[in-house]
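Novice: need coordinates for the below:
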Amino acid sequence: MKCILSGMGLIAVLASGLLLAGCGFQSAHGADNGSLEVGVVKVRPERVVLIRELPGRTAAFRVADIRPQVNGLIIKRAFEEGALVKAGELLYEIDPAPYQAAYDQAKAAVAIAEANLPAVRLQEKRFKELIASNAVGLQEYDNALAALRQAEAQLEASKAALETAKINLSYTPIKSPISGRIGRSNVTEGAMVTAYQPVALATIQQLDPIYVDVPQSTAELLKLQARLADGKFTAGQEGQDKVAVRREDGTLYPLEGALQFRDVTVSPTTGSVILRILVPNPDNTLLPGMFVRAVIKEGVFERGILIPQAAVCRDQKGEPFVWVIGKDGKAAISMLTLDRALGDKWLISSGLADGDQVIIDGLQRLRPGIAVVAAGSHPQSAKNAKPAAKTD
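Specialist: Predicted coordinates:
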C-alpha cells in the first residue's frame with residue numbers, strides 16, 4: 001500500500017532541501033504542455049530467487065584420534081605422516097611379548113580346568129547313585145556337588161581370562177578405524193604409551209566428503225518463516241537443498257554441496273543455529289578449518305518487485321521512498337519497505353504495485369502534485385534483473 005507524505009511536515013522537509021539528498025539526478029525537461037518530462041520504469045512483478053551468502057568453516061566428515069588400548073613399548077610405526085590410510089591398515093605396533101605370554105598362561109589355565117572337571121563330575125555322579133542306598137552320607141554328596149560346581153566355575157573363569165588375554169593381545173597392533181588422511185605422529189619407536197592416554201598418537205581425518213558448518217541468526221530464521229507464512233514466498237523447489245561454496249579467495253568451488261540439516265539448538269553466545277552442508281571433496285582441495293562462504297537458496301518470490309537502487313531516496317529519518325506518477329498525472333511520493341539489495345536493484349516488500357510508474361530521471365525539480373509526463377518507459381524484466389546477486 002502506498003504511503004504518501006503530506007502536510008506541513010513534508011513542506012518543511014521539502015523547503016529545507018534535505019528530502020532529496022543523495023538523489024543527484026539531472027533536472028527534468030519541460031514538455032510542451034508545461035508538464036515536467038521525466039524518465040520512468042514501470043513496475044512489473046517477476047520471479048525472484050533469493051540467495052544469501054553466509055560465512056562458514058569446513059570440518060572433517062570423520063575424525064579419529066588414535067590412542068593405545070593397552071600399555072606397552074612402541075616397536076614399529078607403519079605409516080608415513082600425511083599419507084592416505086585405509087580402514088584396518090596397521091599404524092603402530094606395541095611389543096606383543098608380555099601379552100602373548102599372558103595369553104599362553106590363560107590358555108594353559110583353561111586346559112587345567114578342563115582336565116580336572118571330568119573327575120569331579122564323575123565323583124558327583126557316583127555319590128548321587130550311592131546316596132540312595134545310604135552307602136555314603138549326605139554331607140559327602142554335598143561336598144562332591146560343591147566341588148563339581150566350583151570346578152565348572154573355575155573353567156568359566158579361565159575361559160574369561162583367556163578371552164581378556166586374547167583381546168589385549170589383539171590391541172598390540174594399532175590399526176586405523178577409518179579411511180582418511182593421517183596427520184603427524186606424536187610418538188616414535190621406543191616410546192612408552194599407556195592405555196587411553198590423553199595425548200593421541202596421531203589423528204586421521206576423512207576429507208571426502210567434507211562438512212561446511214554455517215551459522216544462521218535466529219532473526220533471519222524467523223524472518224524466513226514469516227515470509228513462508230504470508231504465502232508470497234515459497235521454498236522446497238527442486239534443487240533447493242543445493243548449496244554453492246565460495247572459497248577464501250573469492251573463487252567458486254566447482255562442486256555443489258547439499259544441505260544436510262539445521263541444528264535445533266540455538267547458541268546462547270551468538271544467537272544462531274548451525275546449518276550443516278555436505279560437500280564432495282575428491283581432490284582434498286578443501287581442508288578442515290578453512291573459512292568459506294555458503295551460497296544458500298532461501299526460496300522464491302513468484303511475484304517479486306525490483307526497482308533500480310538509484311530510484312530510491314530517503315527522508316530526514318532515513319526512511320526510503322520513491323517518486324511515482326499518480327493516476328492524475330502528477331508526481332507523488334510512495335514510502336517503501338525494502339527487503340534487500342540484489343545487485344543494483346532493491347527488492348521491495350511493500351509500497352509499490354503492478355503497473356506503478358517509478359520516476360528515475362528528473363528528480364531534482366519534483367514536488368508533490370506537480371504535473372509530470374513520462375519521457376520513456378523502461379519495464380523491468382527477469383532478463384535484466386539480478387536476483388541471484390549475493391547479500392550479506
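
Novice: helix or strand: which one has the residue positioned nearest the centre of the chain?
Specialist: Among the residues of the chain, the one closest to the centroid is residue 276, at 1.6 Å (CA atoms, centre = their mean). Using DSSP states H and E, residue 276 sits in strand 272-279.

Novice: residues in contact with that strand: which ones?
Specialist: Contact partners of strand 272-279, identified using CB atoms under 8 Å, 6 or more residues apart in numbering, comprise 54, 56, 58, 61, 209-218, 221, 243, 245, 253, 255-267, 286, 294, 296. In short, each C-beta sits where N, CA and C put it, glycine included.

Novice: partner strands of it and their direction?
Specialist: Neighbouring strands of strand 272-279 in its sheet, by DSSP bridges, are strand 202-217 (antiparallel), strand 257-262 (antiparallel).

Novice: for the first one, which positions count as buried?
Specialist: For strand 202-217, the buried set under the neighbour-count rule, 16 or more other CB atoms under 10 Å, comprises 202-212, 214-216.

Novice: in a markdown table: those, plus pLDDT.
Specialist: As requested, those are arranged in a markdown table below (pLDDT from 0 to 100):
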| residue | pLDDT |
| --- | --- |
| 202 | 96 |
| 203 | 96 |
| 204 | 96 |
| 205 | 96 |
| 206 | 95 |
| 207 | 94 |
| 208 | 92 |
| 209 | 93 |
| 210 | 95 |
| 211 | 95 |
| 212 | 94 |
| 214 | 90 |
| 215 | 89 |
| 216 | 83 |
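
Novice: closest to residue 65 among those residues?
Specialist: residue 203 (5.3 Å; CB to CB).

Novice: the residue lying closest to the closest one once chain neighbours are set aside and residue 218: what is the separation?
Specialist: Leaving aside its chain neighbours, residue 203 sits nearest to residue 183 (4.9 Å; criterion: CB to CB, 6 or more residues apart in numbering). Distance, residue 183 to residue 218, by CB to CB, to the nearest Å: 36 Å.

Novice: and residue 373, by the same measure?
Specialist: In terms of CB to CB, residue 373 sits 49 Å off from residue 218.

Novice: more neighbours: which of the two?
Specialist: residue 373 (17 against 13; other CB atoms under 10 Å).

Novice: check contacts around the closest residue to that one other than its chain neighbours.
Specialist: Spatial nearest neighbour of residue 373, excluding adjacent residues (CB to CB, 6+ apart): residue 35 at 4.5 Å. Going by CB under 8 Å, 6+ apart, residue 35 touches 329, 371, 372, 373.

Novice: from what I can see the last one touches residue 36, true?
Specialist: If I follow you right, that is residue 373. Yes: taking contacts as CB atoms under 8 Å, residue 373 lies within contact range of residue 36: 7.2 Å.

Novice: ok, back up a step: which of the contacts of strand 272-279 count as buried?
Specialist: 54, 56, 58, 61, 209-212, 214-216, 243, 245, 253, 256-257, 259, 286, 294, 296.

Novice: can you report phi and psi for residue 326?
Specialist: Torsion angles at residue 326 (phi, psi; degrees, to the nearest 10) stand at phi -70, psi 170.

Novice: can you tell me how far it sits from residue 369?
Specialist: For residue 326 relative to residue 369 (CB to CB), the value is 9 Å.

Novice: just residue 329 next, same as before
Specialist: Where residue 369 is concerned, residue 329 sits at a distance of 11 Å (CB to CB).
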